[in-house]
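# Pasting the sequence and the predicted model now:
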Amino acid sequence: MNAITIDNLNYGYQEGEPLFQDFQLTVPEGQWLSIVGHNGSGKSTLAKLVLGLLEAQSGDITVFGQELTPASLAAVRAQVGMVFQNPDNQFVGATVADDVAFGLENRQVPSAEMPALIEAALQQVGMADFADREPHTLSGGQKQRVALASVLALKPKVIILDEATAMLDPAGKSAVLATLQELKAKYQDQLTLIMITHDMDEAALADRIVVINDGELALDEKPAALFVQGAALKQLGLDQPFETQLQEALPKAPQQYLSKQELAAWLSTLKA
């Protein structure tokens, strides 16, 4: 079953300039999909259309077979959670626990059930010990993991991350990505992840990568097949991951794509 199906989507900005024209995309349930593209290519706009934050001029968006309409908006959003670029924009509670509770209150979850749900969500992202902390005292990475916990508490089937690590330092970014990998390993086919990013190293974690270029689906490949297309990526304003660039610079390196771990293993076999 497809988690998300986008069929003949048409959307343009208020100025009248079209962005998506008869756009098509399907995301199977349980897939980790990375959506990449240069700034202004339409990545974030697409996510907002799926969530109903923007309204398409025409076309269909369905989530687990349910068409997105004004009448179904609440039901669709109950299945899709979103983590934005700036975690500060998502905080509404005085404490970490209060912030996770906010979404549960909006869903009218009984108050007696909330403490267990809040604790479970914070445990999943490694932030249970910070439940009573004020959000502004946290690091960027910790804030983003709390934002993720707020989404997880609602038990969505799909999580969309819109440049969720773009404002983080390397340590915070690594912590968030490690948390996502752990969640995906735990829930596997029960959780669909859609990561919108401009970072190709981050995109490499996905099962599949879609490249959007000015509203058009330019490439749709597995990471191994995409990253060897250096010329095509450059033409689209994108870079290959660092390890792929390094691999291509080494004269005796294997000609197929190597992940970071595979490249490190190969380098360890070289003699000084």
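Perfect, thanks for sending it.

# And the pLDDT for S41?
In this model, S41 is scored at 89, pLDDT.

# what are the bridge partners for the residue lying closest to it once chain neighbours are set aside, then?
Nearest non-adjacent residue to S41, counting by Cβ to Cβ, 6 or more residues apart in numbering: I212, 4.8 Å away. Heads up, the C-betas are built off the backbone N, CA and C, glycines and all. Beta-bridge pairing for I212 (DSSP bridges): L217.

# show me where the stretch 101-250 of the chain has helices.
For the stretch 101-250 of the chain, the helices defined by DSSP state H, counting those that start in this stretch occupy 114-124, 140-152, 170-187, 200-203, 223-226, 230-235, 242-249.

# Any idea which of those gets closest to D22?
The closest of the helices of the stretch 101-250 of the chain to D22 is helix 230-235. By Cβ to Cβ, the value is 22.4 Å.

# For the closest one, give me every contacting residue.
Helix 230-235 is contacted from outside by M200, V211, L219, L226, F227, D239, Q240, T244, E248, using Cβ atoms under 8 Å, 6 or more residues apart in numbering.

# same thing but 10 Å
36, 200, 211, 213, 218-219, 221, 226-227, 229, 238-241, 244-245, 248 (Cβ atoms under 10 Å, 6 or more residues apart in numbering).

# Any buried residues in stretch 31-38, and which?
Within stretch 31-38, the residues that count as buried by 16 or more other Cβ atoms under 10 Å are Q31, W32, L33, S34, I35, V36, G37.

# Would you mind checking the contacts of helix 230-235 for buried ones?
So, by 16+ other Cβ under 10 Å, the buried ones in those are 36, 200, 211, 213, 218-219, 226-227, 229, 238, 240-241, 244.

# which pair in these spans the largest distance?
Spatial extent of the buried ones among the contacts of helix 230-235 (Cβ to Cβ) is set by the pair N213 and T244 at 19.8 Å.

# Run a quick neighbour tally on the nearest residue to Q90 once chain neighbours are set aside.
Of all residues not flanking Q90 in the chain, A147 sits nearest, at 4.8 Å (Cβ to Cβ, 6+ apart). Here the number of neighbours of A147 (other Cβ atoms under 10 Å) works out to 27.

# Now do A147 against G59, distance only.
Distance of A147 to G59, computed by Cβ to Cβ, to the nearest Å: 30 Å.

# With L191 instead?
Distance from L191 to G59, by Cβ to Cβ: 26 Å.

# Surely T45 is in a helix?
Yes. Judged by DSSP: H, G, I helix; E, B strand; the rest coil, T45 forms part of a helix.

# residues in contact with the residue nearest in space to the middle of the chain?
The residue lying closest to the centre of the chain (Cα atoms, centre = their mean) is M195, at 2.1 Å. Counting by Cβ under 10 Å, 6+ apart, M195 makes contact with 32-36, 83, 159-165, 177, 180, 202-203, 205-206, 209.

# domain parsing for the protein?
30-57+74-221, 225-267 (the TED database).

# show me what contacts V176?
83, 87, 125, 140-145, 147-148, 161, 164-165, 168, 202.

# redo that, cut-off 7 Å
By Cβ atoms under 7 Å, 6 or more residues apart in numbering, the contact set of V176 is G141, Q144, R145, A164, T165, L168.

# ok, now how distant is the first one from L177?
By that I understand G141. From G141 over to L177 the distance is 10 Å, taken as Cβ to Cβ.

# Then L148?
Per Cβ to Cβ, L148 is found 11 Å from L177.
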